[in-house]
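# Output the structure for:
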Amino acid sequence: MATGGEVLGMLCPNTEWVITENDFDSIQWIKGEKITKAKFEAGFAQYDAWKAEQNAKAVADKAAAQAKLTALGLTADDLKALGL
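The predicted structure follows:
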């Protein structure tokens, strides 16, 4: 189950906030977009699917990068050897 901080990170990635509990009333909005309590609470149900999507995208991006390296005749080990 997601934490309040994870939900806020998903819903408000460009907002500065502090949360001390997993509830809306403990959020201290510092700077940026504020969301409603309803949106925050709905975010708990959305988080797992969003996180799975983010993980799948990261795997796909890594596979695409490795394919590009292979097309250039390089491997991940070659990049490590070069310090990249």
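# Which secondary structure state does residue 18 sit in?
Look at residue 18: counting by DSSP: H, G, I helix; E, B strand; the rest coil, its state is strand.
# and it, what are its bridge partners?
Applying DSSP bridges to residue 18 gives these bridge partners: residue 28.
# quick one: the helices in this structure?
With DSSP state H as the criterion, the chain has helices at 4-11, 37-71, 76-81.
# any idea how far residue 61 is from whatever residue is furthest in space from the centre of the chain?
Most distant from the centre of the chain: residue 73, at 31.5 Å, with distances by C-alpha atoms, centre = their mean. Going from residue 73 to residue 61 by C-beta to C-beta, to the nearest Å gives 21 Å. Quick note: C-beta positions are derived from backbone N, CA and C, even for glycine.
# And for residue 68?
Going from residue 68 to residue 61 by C-beta to C-beta gives 11 Å.
# picking up where we left off before, for the residue farthest from the centre of the chain, give its distance to residue 46.
Distance, residue 73 to residue 46, by C-beta to C-beta: 42 Å.
# Equivalent analysis for residue 30, please.
For residue 30, the distance to residue 46 (C-beta to C-beta) stands at 23 Å.
# what do you get for residue 67?
Counting by C-beta to C-beta, the gap from residue 67 to residue 46 is 31 Å.
# Looking at those two, which one has more neighbours?
Remark: of residue 67 and residue 46, residue 46 carries more neighbours, 14 against 10, as counted by other C-beta atoms under 10 Å.
# about what we covered before: TSV for the helices of the chain, including mean pLDDT and distance to residue 23?
As requested, the helices of the chain are exported to TSV (pLDDT from 0 to 100; distance: least, C-beta to C-beta, whole Å):
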stretch	mean pLDDT	distance to residue 23
helix 4-11	97	7
helix 37-71	94	9
helix 76-81	81	43
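# Alright, that wraps it up for me.
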